[in-house]
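> Please find the sequence and the predicted model below.
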Amino acid sequence: MNLMKITVSALAVAAVSASAAAARDNVQVTGSSTVLPYSTIVAEAFGENFDFPTPVVEGGGSGAGRAKLCEGVGPNTVDIANSSSRITQKDIDACAANGVTEVMEVRFGYDGIVFASDVNGPEFAFTAADIYNAVAGQVVKDGAVVANTYTQWAEFNPALPAQDILVLSPGTKHGTREVFDQRVVLKGCEDSGALAAFMAAGMDEDAAEDECTKLRTDGRNVDIDGDYTETLQRLENDKNAIGVFGLSFYQNNTDKLRVATMGGVVPSTESIASGDYPVSRPLYFYVKNAHLDVIPGLKEYVEFFVSNDMAGPDGPLAQYGLVSDPELAATQAMVAARTPMGPLN
């Protein structure tokens with residue numbers, strides 16, 4: 001965990017804190033749709049077991065949640081932002097500019113990114129290169145970079161079904177999109193030879209990587225800006241679709257979805273915990289430290305969330321699909337010390 005404290009007027013914080021305490025008595029959480037079900041489970045258990053109101057938990061996306069966290073300090077601003085991708089330095093700078101000078105980064109576990117299709121459809125065994133060839137704007141054919149005109153999976157990999165390509169990708173507001181781009185699309189770009197072809201055409205590495213993540217816009221790849229429920233609905237409406245989901249969402253919808261392997265590995269809590277499954281990511285929530293002593297139950301909620309009873313390997317979050325963090329004890333100590341994070345640069 002990174003450490004940072006930015007000097008701030010204690011009197012100003014105290015004044016804002018006093019108004020926050022007087023204005024509301026419930027914890028407010030927003031952000032990632034991936035983290036939403038975990039946060040909801042904790043919030044409901046918290047309301048049942050503590051003498052505080054049940055926290056209000058909303059979705060909206062990782063980036064949107066972090067932006068709300070950084071709007072300022074006080075009763076009209078949220079206490080916690082859930083995120084399936086790590087906070088950016090841009091977020092931290094925005095927080096500081098608005099007086100949010102201490103933010104605690106809490107990593108509470110891991111999740112996988114899975115590719116799933118209709119439960120009654122054919123099986124898919126993907127590689128990162130397969131996904132790249134399906135969704136990329138430009139691909140390599142016969143050694144040349146050309147616009148992507150593939151219409152069926154079997155056109156570039158005969159081992160895949162001769163099924164029309166339709167990929168429901170996470171939209172740019174999703175924390176899942178960052179992992180999708182970095183761990184799947186870029187990896188597939190490299191493995192397919194496209195990255196090398198872009199660089200051979202005169203691009204530097206950064207420009208070539210940017211080119212890799214420019215996805216096709218002809219309807220074969222569709223960005224989904226809503227949550228996984230919207231992706232599932234779109235998939236149910238078009239049985240040819242391949243949806244991108246979090247592992248826990250898939251595990252709670254196995255009656256509707258058939259999961260694909262990635263690099264020959266079946267996604268599961270075990271394969272993610274072992275590191276065998278190649279597309280996994282840590283899950284976070286970010287706490288506004290200035291609210292810890294003034295919003296009733298916030299401190300207790302954060303401690304409860306990362307407790308062994310909730311986030312441990314035998315807790316309800318693991319039962320829902322979370323891969324417990326092997327360094328959970330260190331996170332618990334960090335939370336107890338209220339250690340703010342530092343700059344990423």
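On my side now, so go ahead.

> isn't F198 right up against A208?
Yes. In this structure F198 lies within contact range of A208 using Cβ atoms under 8 Å: 3.8 Å. The way it works is simple: take the backbone N, C-alpha and C, and place the C-beta from them, glycine included.

> now the most centrally placed residue in the chain: how far from D227?
For the chain, S84 is the residue whose C-alpha lies nearest the centre (Cα atoms, centre = their mean; 2.4 Å). As judged by Cβ to Cβ, to the nearest Å, S84 and D227 stand 11 Å apart.

> any idea of the mean pLDDT for stretch 138-151?
Average pLDDT, stretch 138-151: 95.

> all strands for the stretch 51-200 of the chain, in order.
Under the criterion DSSP state E, counting those that start in this stretch, strands of the stretch 51-200 of the chain are mapped to 56-60, 80-83, 103-118, 125-126, 138-141, 144-147, 167-170.

> Now do the first one: distance to the chain's middle.
Yep, that's strand 56-60 we're talking about. How far strand 56-60 lies from its chain's middle: 15 Å, per Cα atoms, centre = their mean, to the nearest Å.

> packing partners for that strand?
Strand 56-60 sits against strand 28-31, helix 36-49, with contacts defined as 3 or more Cβ pairs under 8 Å, 6 or more residues apart in numbering; DSSP states H and E.

> Tell me which of the ones you listed sits most buried.
Among these, the stretch with the highest mean neighbour count (mean count of other Cβ atoms under 10 Å) is strand 28-31, at a mean of 26.

> Pretty sure A94 is one of the things C70 touches, is it not?
Yes. Under the criterion of Cβ under 8 Å, C70 makes contact with A94 at 4.4 Å.

> For burial, what's the neighbour tally of the residue lying closest to T213 once chain neighbours are set aside?
Distances taken as Cβ to Cβ, 6 or more residues apart in numbering place D181 nearest to T213, at 4.9 Å, with adjacent residues excluded. D181 has 19 neighbouring residues, counting by other Cβ atoms under 10 Å.

> how far away is D181 from S169?
Taking Cβ to Cβ, one finds D181 at 9 Å from S169.

> Check N49 too.
Separation of N49 from S169 (Cβ to Cβ): 39 Å.

> Quick one: low-confidence residue ranges for the protein.
1-23, 345 (pLDDT under 70).

> about what we covered before: neighbour-wise, which of C70 and A94 wins?
C70 (25 against 16).

> returning to that earlier point: any idea which of the helices and strands packed on strand 56-60 gets closest to T217?
With Cβ to Cβ, the closest approach to T217 among the helices and strands packed on strand 56-60 belongs to strand 28-31: 27.9 Å.

> That closest one pairs with which strands, and in what direction?
Using DSSP bridges, the strands paired with strand 28-31 in its sheet are strand 56-60 (parallel), strand 80-83 (parallel).

> so which of the ones you listed is the most packed in?
By mean neighbour count, with neighbours taken as mean count of other Cβ under 10 Å, strand 80-83 ranks first of the strands paired with strand 28-31 at a mean of 29.

> Could you verify that D293 is part of a strand?
No. Counting by DSSP: H, G, I helix; E, B strand; the rest coil, D293 falls outside a strand, being coil.

> Neighbours of it, how many?
That count, for D293 with other Cβ under 10 Å as the rule, works out to 15.

> Okay, it and D79: tell me how far apart.
12 Å.

> Kindly report the same for V42.
14 Å.

> same check, this time on A136
Separation of A136 from D79 (Cβ to Cβ) stands at 40 Å.

> Could you do H291 as well?
5 Å.

> Now the common contact residues for the two.
L298 (Cβ atoms under 8 Å, 6 or more residues apart in numbering).

> Which one's more surrounded, these two?
When H291 and D79 are compared for neighbours, D79 comes out ahead with 28 against 25, by other Cβ under 10 Å.

> Could you report the distance from the more buried one to I41?
18 Å.

> With V35 instead?
Counting by Cβ to Cβ - V35 and I41 are separated by 11 Å.

> count of neighbours near the residue nearest to the residue nearest to the centre of the chain when sequence neighbours are not counted?
Nearest non-adjacent residue to S84, counting by Cβ to Cβ, 6+ apart: G175, 3.3 Å away. Applying other Cβ under 10 Å, we find 27 residues neighbouring G175.

> swap in the one 5 residues further on?
For F180, the neighbour count with other Cβ under 10 Å is 23.

> now swap in the one 5 residues further on and tell me
The local packing of V185 (other Cβ under 10 Å) involves 23 other residues.

> Can you give me every residue that contacts it?
Contacts of V185 (Cβ under 8 Å, 6+ apart): A128, I131, Y132, V135, A136, C212, T213, L215.

> starting at the chain centroid, how far to stretch 36-49?
Distance, centroid of stretch 36-49 to centroid of chain: 19 Å (Cα atoms, centre = their mean).

> Confirm for me that V167 is in contact with N133.
No. If you go by Cβ under 8 Å, V167 and N133 don't touch, sitting 10.8 Å apart.

> Can you pick out the residue with more neighbours from those two?
Neighbours were counted for V167 and for N133 using other Cβ under 10 Å; N133 has more, 25 against 19.

> any idea what sits nearest the more buried one, other than its immediate chain neighbours?
Using Cβ to Cβ, 6+ apart, the nearest residue to N133 is F156, at 4.5 Å.
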